[in-house]
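Undergrad: no letters, just coordinates:
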């Protein structure tokens with residue numbers, strides 16, 4: 001007697017579900033085993049466990065994940081052939097997400113390490129293609145750095161790197177992408193490294209003008225480099241203006257929270273130093289140092305700035321210097337200038353605040 005069709009369908013679905021669960025469990029168990037081995041430094045065992053995880057699942061994305069992990073374990077033990085074997089099917093899938101581009105980047109990296117000129121040339125072409133075809137992706141940034149290292153290594157003049165970067169910067173696809181500011185900054189860094197100050201100044205100017213803040217991750221580096229060049233070339237006033245432009249974006253965003261780039265405090269300190277040493281304007285320098293303390297609240301240089309401010313104020317405003325020393329000793333009691341500030345306050349009204357007895361190295 002034939003079974004009911006609905007019963008047969010239920011049995012088939014049950015078998016499929018059971019198989020899917022077993023597949024998922026096998027994949028998770030393999031990955032967990034691989035992770036444990038990887039953390040323990042047993043990279044060969046980790047690679048084998050990850051490969052078993054890849055074989056246990058029918059999901060393409062999980063297969064890619066497990067094979068990529070296995071390839072990275074093989075790289076840790078220097079087994080290039082193993083890494084290439086595992087990465088090749090991941091890279092060949094051509095997916096725009098996740099492991100595909102990363103696998104292509106790793107394969108190119110392996111190619112650059114080869115002793116075969118053909119493999120090295122193919123790796124350079126692959127990296128250039130990743131950059132030109134998908135410049136807005138994270139792997140494109142990795143490909144840019146990787147290819148530049150390979151071009152720089154045999155060429156202390158950086159001529160090949162600069163020529164390639166200039167060609168990239170003219171490419172309409174790059175100019176429309178997020179990668180443009182990195183291309184321009186890498187070029188400026190290399191131009192400056194070979195000592196051509198005029199060309200470096202022009203290159204850094206393009207970095208800060210081509211991409212506005214906050215989209216330009218080199219906004220602070222670019223302005224700092226440009227200001228230092230202007231100062232070195234005898235134009236401290238222009239350096240001050242450059243640093244003011246750098247910091248102005250922070251001031252304009254203050255009402256909605258600070259978007260401060262990592263080196264804004266370096267720029268503020270440099271501005272104060274130029275006022276003091278180049279323009280011989282002690283009053284503006286003291287005010288600039290105070291702004292480092294008052295506006296850059298996460299900076300580790302706030303106590304340095306207060307010490308420099310007090311040193312400038314003590315000449316014409318001893319009471320002002322006493323106030324700064326007191327702030328320094330009270331707010332930064334265990335930092336390096338606190339003891340000096342308390343010693344300097346011997347002649348101040350009220351004397352120094354009590355020593356809190358910081359432990360050595362506090």
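TA: Received the coordinates, thanks. All of these numbers come straight from a predicted model, not from anything done at the bench.

Undergrad: give me the mean pLDDT for the host helix or strand of residue 221.
TA: Element membership of residue 221 [criterion: DSSP states H and E] is helix 219-232. In this model, helix 219-232 has a mean pLDDT of 97.

Undergrad: tell me what the helix or strand following that helix is packed against?
TA: Proceeding N to C from helix 219-232, the next assigned helix or strand is helix 236-252, under DSSP H and E. Where contact means 3 or more CB pairs under 8 Å, 6 or more residues apart in numbering; DSSP states H and E, helix 236-252 is packed against helix 219-232, helix 264-277. For every residue, glycine as well, the C-beta is placed using N, CA and C.

Undergrad: for these, which one sits closest to residue 300?
TA: Taking CB to CB, helix 264-277 is the member of these nearest to residue 300, at 8.1 Å.

Undergrad: where do the helices of the stretch 1-150 of the chain begin and end?
TA: Using DSSP state H, counting those that start in this stretch, the helices of the stretch 1-150 of the chain run over 5-39, 43-56, 60-76, 80-92, 99-112, 117-133, 138-152.

Undergrad: now those in CSV, with mean neighbour count, distance to residue 325 and mean pLDDT?
TA: Formatted as CSV, these follow (neighbours: other CB atoms under 10 Å; distance: least, CB to CB, whole Å; pLDDT from 0 to 100):
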stretch, mean neighbour count, distance to residue 325, mean pLDDT
helix 5-39, 13, 51, 67
helix 43-56, 21, 56, 95
helix 60-76, 21, 54, 93
helix 80-92, 18, 60, 92
helix 99-112, 22, 54, 90
helix 117-133, 16, 54, 93
helix 138-152, 19, 46, 94
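
Undergrad: distance to residue 299 added to these, as a markdown table?
TA: Compiled in a markdown table, those are given as follows (distance: least, CB to CB, whole Å):
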| stretch | distance to residue 299 |
| --- | --- |
| helix 5-39 | 36 |
| helix 43-56 | 41 |
| helix 60-76 | 37 |
| helix 80-92 | 43 |
| helix 99-112 | 35 |
| helix 117-133 | 35 |
| helix 138-152 | 27 |
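
Undergrad: quick check: which of these is nearest to residue 355?
TA: So among those, helix 5-39 is nearest, using CB to CB, at 46.2 Å.

Undergrad: quick one: distance of the helix or strand hosting residue 323 to the chain centre.
TA: According to DSSP H and E, residue 323 maps onto helix 318-331. Computed by CA atoms, centre = their mean, to the nearest Å, the chain-centroid distance of helix 318-331 equals 37 Å.

Undergrad: try stretch 35-50
TA: 29 Å.

Undergrad: repeat for stretch 48-68
TA: Averaged C-alpha coordinates place stretch 48-68 at 31 Å from its chain's average position (CA atoms, centre = their mean).

Undergrad: what about that stretch, start to end distance?
TA: Start-to-end span of stretch 48-68 (CA to CA, to the nearest Å) is 12 Å.

Undergrad: got a list of contacts for that stretch?
TA: Contact with stretch 48-68 is made by 23-24, 26-31, 33-34, 37, 69-70, 73, 86-87, 89-90, 93, 95, 98-100, 102-103, as judged by CB atoms under 8 Å, 6 or more residues apart in numbering.

Undergrad: again, only this time at 6 Å
TA: Residues external to stretch 48-68 that are found in contact with it (CB atoms under 6 Å, 6 or more residues apart in numbering): 23, 26-27, 30-31, 33-34, 37, 69-70, 86, 90, 99.

Undergrad: and the closest residue to residue 245 other than its chain neighbours, how far from residue 25?
TA: Leaving aside its chain neighbours, residue 245 sits nearest to residue 223 (6.7 Å; criterion: CB to CB, 6 or more residues apart in numbering). For residue 223, the distance to residue 25 equals 55 Å [CB to CB, to the nearest Å].

Undergrad: just to revisit the earlier point, take the helices and strands packed on helix 236-252 and write them to CSV, including mean neighbour count and distance to residue 157.
TA: Listed next are the helices and strands packed on helix 236-252 as CSV, based on neighbours: other CB atoms under 10 Å; distance: least, CB to CB, whole Å:
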stretch, mean neighbour count, distance to residue 157
helix 219-232, 23, 20
helix 264-277, 22, 29
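
Undergrad: turn those helices into CSV, columns for distance to residue 119.
TA: Listed next are the helices and strands packed on helix 236-252 as CSV, based on distance: least, CB to CB, whole Å:
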stretch, distance to residue 119
helix 219-232, 34
helix 264-277, 42
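
Undergrad: out of these, which is closest to residue 114?
TA: If we rank those by CB to CB, the stretch that ends up nearest is helix 219-232, at 33.6 Å.

Undergrad: please state the offset of the closest one from the chain centre?
TA: So, by CA atoms, centre = their mean, the centroid of helix 219-232 is 19 Å from its chain's centroid.

Undergrad: again, but for stretch 33-52
TA: When C-alpha coordinates are averaged (CA atoms, centre = their mean), stretch 33-52 and its chain have centres 29 Å apart.

Undergrad: hang on, isn't the residue nearest to residue 245 packed against residue 246?
TA: Yes - when contacts are counted by CB atoms under 6 Å, residue 223 is listed as touching residue 246 (3.5 Å).

Undergrad: mind listing the shared neighbours of these two?
TA: By CB under 6 Å, 6+ apart, no residue touches both residue 223 and residue 246.

Undergrad: returning to that earlier point: the helix holding residue 221 vs helix 264-277, what angle?
TA: Orientation of helix 219-232 against helix 264-277 (axes from the mean of the first three to the mean of the last three CA atoms, to 10 degrees) gives an angle of 20 degrees.
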